[in-house]
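Peer 1: Give me the fold of what follows.
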Amino acid sequence: MTGMIILGILIAAVVALALMYNNLVTLRNRFKNAFAQIDVQLKRRYDLIPNLVEVVKKYMQHERETLEAVIKARNSAVSANNQAAGNPGDPGAMKNLSAAEGMLSGALGRLFALSESYPDLKANQNMAQLQEELSSTENRVAFARQAFNDAVMSYNIGREKFPANLISGMFHFTEAQLLESTESPEEKKAPKVTF
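Peer 2: Numbers count the residues shown, from 1 in each chain. Reported below is the predicted structural model:
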């Protein structure tokens, strides 16, 4: 009789451990899927940038440094994104991606600010369309980043809770890194309104 009770307890423990393990796998796959959605939007953004540079190049012939900075920042961001896509939970890869995206956003911001000095460029239909598409893509990236960060948070909480933390340690469910915003400190500040 006691042997049956012990066997029942062991079976219940194994089932509970299997359920916790499966839950961690599910949570990990959710945040990886969420990163795949970011990846799609970032690739769309990266594909738009060479078109933007081609349109701008015709008007801003004396702004070669700015155009080169945009292309260099884009290439760095593509490389960082590829690294992050290989392992979306890797803290180093996510920090590199955040930094590269911040550099790209800054370079694009400088490009758009300079474009204001070129009336013909501002009036160009292709430029307006590309700016609109980039803006739309930025919004999609922001929503995808939020979904990713929510999934990472659920995964991290799930792996840290007792008794799942015992399973997460044994099976190397390591902490996943959030993808931070790429906005500069100036962009994060609320606009100052005066009357």
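
Peer 1: What segments of this protein are helices?
Peer 2: 2-59, 64-86, 91-115, 119-123, 125-160, 164-170, 185-188 (DSSP state H).

Peer 1: mind checking which of those is nearest Q177?
Peer 2: Set against Q177 and scored by Cβ to Cβ, the helices of the chain come closest in helix 91-115, at 3.9 Å. C-betas here are computed from N, CA, C, even on glycine.

Peer 1: Show me what counts as buried in that closest one.
Peer 2: Judged by neighbour count using 16 or more other Cβ atoms under 10 Å, the buried positions of helix 91-115 are 93-94, 96-98, 100-108, 110-111, 114-115.

Peer 1: Equivalent analysis for stretch 113-130, please.
Peer 2: Within stretch 113-130, the residues scored as buried using 16+ other Cβ under 10 Å are 114-115, 121, 124, 127, 130.

Peer 1: that older thread, closest to L178 out of the helices of the chain?
Peer 2: Minimum separation from L178 across those (Cβ to Cβ) falls at helix 125-160, 4.8 Å.

Peer 1: Next, the angle from that closest one to helix 91-115.
Peer 2: Helix 125-160 runs at 160 degrees relative to helix 91-115, counting by axes from the mean of the first three to the mean of the last three Cα atoms, to 10 degrees.

Peer 1: Which positions within helix 125-160 qualify as buried?
Peer 2: Buried residues in helix 125-160, defined by neighbour count with 16+ other Cβ under 10 Å: 127, 130-131, 133-134, 137, 140-141, 144-145, 147-149, 151-152, 154-156, 158-159.

Peer 1: Name the helix or strand of this protein that has the lowest mean pLDDT.
Peer 2: helix 185-188 (a mean of 46; mean pLDDT, DSSP states H and E).
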